[in-house]
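Chemist: Model the following, please.
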Amino acid sequence: MTASIEYNKPTDQFWQQYAELWRESSYKPIFQSPHILQFFANEVNDSIAVFSCYQDEKMVAAAIFEKHQNQYHFLSDLKNDHNFFVIHRDCSTKEIEEIFSSFFQVTKGDRWTLTLHNQPSWANYMDSFLRAGQNSGLFCQVGKTSVCPMLIEESPSALGAKLTKSKNNRYKMNRLKKEQEAVFETFEGDEELDLWMEQFFQNHIKRWKSTPTPSKYQDLTERQFVKNCIQAWMEDHALVRFSIRIGAERIAFVIGLLQQNALLYHSLTYDTSYEKYSPGKVLIVHLGRWMADHNLSELDFGYGNEPYKYRFANVDPDLNTIYISNRFNWPFILKSKIVKKIKDHPGLINYYREKIKPALKGS
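Modeler: Next up is the predicted model:
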């Protein structure tokens with residue numbers, strides 16, 4: 001097995017090999033899908049580093065990073081809920097350990113400092129990764145970032161039953177159909193995409209206008225970035241859009257992303273004018289029926305512990321940040337220890353956000 005780091009923009013040959021690896025990987029992670037990473041790579045251009053591992057000339061592992069402020073991060077930090085290493089599903093535990101041993105060896109040789117955000121604690125390779133880090137001679141610390149609530153059921157039918165069981169949601173769904181002649185939509189391709197996205201943005205802006213966190217989609221650059229992401233995920237056959245339409249207007253939206261036997265509940269909004277019908281909750285009923293019909297047994301609510309997710313989620317595994325550097329990088333080590341200490345004690349979070357975080361940014 002051979003491992004290396006390349007600092008050039010990936011070639012077409014690399015992307016072809018990577019696409020094959022991703023399709024045959026353990027998770028087919030959606031934020032590391034081939035076309036989304038190609039889009040991100042074109043966005044950052046000159047600050048990319050690519051770790052890859054080959055066995056008998058076949059790519060068996062890869063990860064793409066961006067260097068920012070003298071630290072390496074996953075390139076997919078540009079937009080993600082979780083960041084996975086992409087590893088071939090046929091790799092044995094011993095081979096996975098060899099992959100990560102090689103990863104730490106080559107990054108140590110090139111004197112990398114890494115901050116790996118949103119690392120999934122449930123990844124089947126994580127124990128091997130952390131053991132390799134501990135054995136590398138490097139500083140390697142794990143700190144909890146957030147959680148990733150999920151609804152995981154034993155079968156697609158069980159998941160569908162859970163999402164559609166609310167009598168109140170079904171009642172409001174029927175009211176919408178009867179009183180407003182609402183149509184429940186599912187798009188797996190680019191049908192009406194431009195209009196759909198424009199209506200999504202406008203409803204998102206309206207939904208958050210009078211709150212302390214106004215919509216980022218007021219920025220046209222942000223809208224174009226999201227449109228490009230949507231296009232990339234469509235090229236990877238990983239995008240599903242759900243909506244409720246009344247006449248020519250849509251009043252509720254969900255952007256869903258497919259990852260193995262899961263649907264990631266990635267982005268959503270609704271028209272507050274129809275609050276009495278609970279359009280966001282009602283759309284879950286439609287989504288649940290679609291998931292059951294398409295053999296999906298997991299609904300991943302992504303990064304964060306927002307209360308609405310726990311109406312359905314039955315597990316919330318941790319998302320972690322992993323800090324890696326040589327043992328003499330005292331400023332980085334001290335900073336990471338402070339951040340971990342604060343995030344391990346929720347009562348200190350506000351103090352951290354208001355006082356310490358601004359100071360650390362200036363360091």
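Chemist: Tell me where the stretch 1-150 of the chain has strands.
Modeler: For the stretch 1-150 of the chain, the strands defined by DSSP state E, counting those that start in this stretch cover 2-6, 48-55, 58-68, 71-74, 86-87, 114-120, 139-147, 150-152.
Chemist: S52: what's it in contact with?
Modeler: If you count contacts by CB atoms under 8 Å, 6 or more residues apart in numbering, S52 has them with 3-4, 6, 14, 59, 61-62. C-beta here means a position set from N, CA and C on the backbone, and glycine is covered the same way.
Chemist: let me fix that: V285
Modeler: Listed by CB under 8 Å, 6+ apart, the contact set of V285 reads 163-164, 166, 169-170, 173.
Chemist: Give the residue spans of the protein that score low on pLDDT.
Modeler: Judged by pLDDT under 70, the chain has its weakly predicted residues at 346-357, 359-363.
Chemist: The closest residue to H117 other than its chain neighbours: helix or strand, and which one exactly?
Modeler: Leaving aside its sequence neighbours, H117 sits nearest to T321 (CB to CB, 6 or more residues apart in numbering; 5.3 Å). Here T321, judged by DSSP states H and E, is contained in strand 318-325.
Chemist: So which bits of whichever helix or strand comes after that strand are buried?
Modeler: Following strand 318-325 in sequence order, the next helix or strand is helix 330-343 (DSSP H and E). By neighbour count on 16 or more other CB atoms under 10 Å, the buried set for helix 330-343 is 332-333, 335-336, 339-340, 342-343.
Chemist: before we move on, what about stretch 64-82?
Modeler: 64-67, 71-78, 80-82.
Chemist: For this structure, just list every one of the helices.
Modeler: Assigned by DSSP state H, the helices in the chain fall at 12-23, 34-44, 93-109, 126-134, 156-164, 167-180, 193-208, 220-235, 279-293, 330-343, 349-351, 357-361.
Chemist: ok, and what's touching the third one?
Modeler: Same thing as helix 93-109. Outside helix 93-109, the residues that reach it (CB under 8 Å, 6+ apart) are 1, 3-5, 51, 53, 55, 60-61, 63, 72, 87, 91, 114, 125, 128-129, 131-133, 135-138, 324, 326.
Chemist: now do 7 Å
Modeler: 1, 3-5, 51, 53, 61, 87, 114, 125, 128-129, 132-133, 136, 138 (CB atoms under 7 Å, 6 or more residues apart in numbering).
Chemist: Please convert the buried members of those into PyMOL selection syntax.
Modeler: Buried members of the contacts of helix 93-109, identified by 16+ other CB under 10 Å, are gathered into one PyMOL selection as follows:
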select buried, resi 3+5+51+53+61+87+114+125+128+129+132+133+136+138
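Chemist: Of the contacts of helix 93-109, which is the nearest to K206?
Modeler: L114 (40.0 Å; CB to CB).
Chemist: correct me, but that closest one touches N70?
Modeler: No: the pair L114 / N70 is not scored as a contact, 10.9 Å apart, by CB atoms under 7 Å.
Chemist: Could you count how many residues lie near the closest residue to Q218 other than its chain neighbours?
Modeler: On the basis of CB to CB, 6+ apart, the spatially nearest residue to Q218 that is not a chain neighbour turns out to be I205, at 5.8 Å. Other residues within reach of I205, judged by other CB atoms under 10 Å, total 15.
Chemist: residue contacts, I205?
Modeler: Residues near I205 by CB under 7 Å, 6+ apart: 215, 217-218.
Chemist: List buried residues within those residues.
Modeler: Of the members of these, the ones counted as buried by neighbours, 16+ other CB under 10 Å, are 215, 217.
Chemist: follow-up on the earlier one: and the contacts of V285 as JSON lines, adding distance to Y308 and neighbour count?
Modeler: Shown next, in JSON lines, are these (distance: CB to CB, whole Å; neighbours: other CB atoms under 10 Å):
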{"residue": "L163", "distance to Y308": "13", "neighbour count": "23"}
{"residue": "T164", "distance to Y308": "17", "neighbour count": "18"}
{"residue": "S166", "distance to Y308": "13", "neighbour count": "19"}
{"residue": "N169", "distance to Y308": "13", "neighbour count": "22"}
{"residue": "R170", "distance to Y308": "18", "neighbour count": "13"}
{"residue": "M173", "distance to Y308": "17", "neighbour count": "24"}
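Chemist: check contacts around the residue nearest the centre of the chain.
Modeler: Nearest to the centroid of the C-alpha atoms of the chain, with distances taken as CA atoms, centre = their mean, sits D81, at 2.5 Å. Contacts for D81 were tallied using CB under 7 Å, 6+ apart; they are 31, 118, 148, 264, 302-303.
Chemist: which of the residues you listed lies closest to D293?
Modeler: Minimum distance to D293 across these is 17.8 Å, recorded for L264 (CB to CB).
Chemist: The closest one contacts L257, doesn't it?
Modeler: Yes: checked against CB under 7 Å, the pair L264 and L257 is within contact range at 4.1 Å.
Chemist: overlap in contacts of the two?
Modeler: Looking at what touches both L264 and L257 (by CB under 7 Å, 6+ apart), the common residues are I30.
Chemist: Please state the backbone phi and psi of S47?
Modeler: When read as degrees, to the nearest 10, the backbone of S47 gives phi -110, psi 30.
Chemist: Just to check, K206 is in contact with T272?
Modeler: Yes: using CB under 7 Å as the test, K206 is close enough to T272 to be in contact (6.4 Å).
Chemist: can I get the CA coordinates of stretch 213-223 in CSV?
Modeler: Included here for stretch 213-223 are C-alpha records, laid out as CSV according to Å, rounded to 0.1, in the frame of the first residue of the first chain:
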residue,chain,number,x,y,z
THR,A,213,-30.4,35.6,12.5
PRO,A,214,-31.7,36.9,9.1
SER,A,215,-31.4,34.7,6.0
LYS,A,216,-27.9,34.4,4.4
TYR,A,217,-29.8,34.2,1.1
GLN,A,218,-30.2,37.9,0.9
ASP,A,219,-26.7,37.7,-0.5
LEU,A,220,-26.7,36.9,-4.2
THR,A,221,-23.3,35.4,-4.0
GLU,A,222,-24.6,32.9,-1.4
ARG,A,223,-27.5,32.0,-3.5
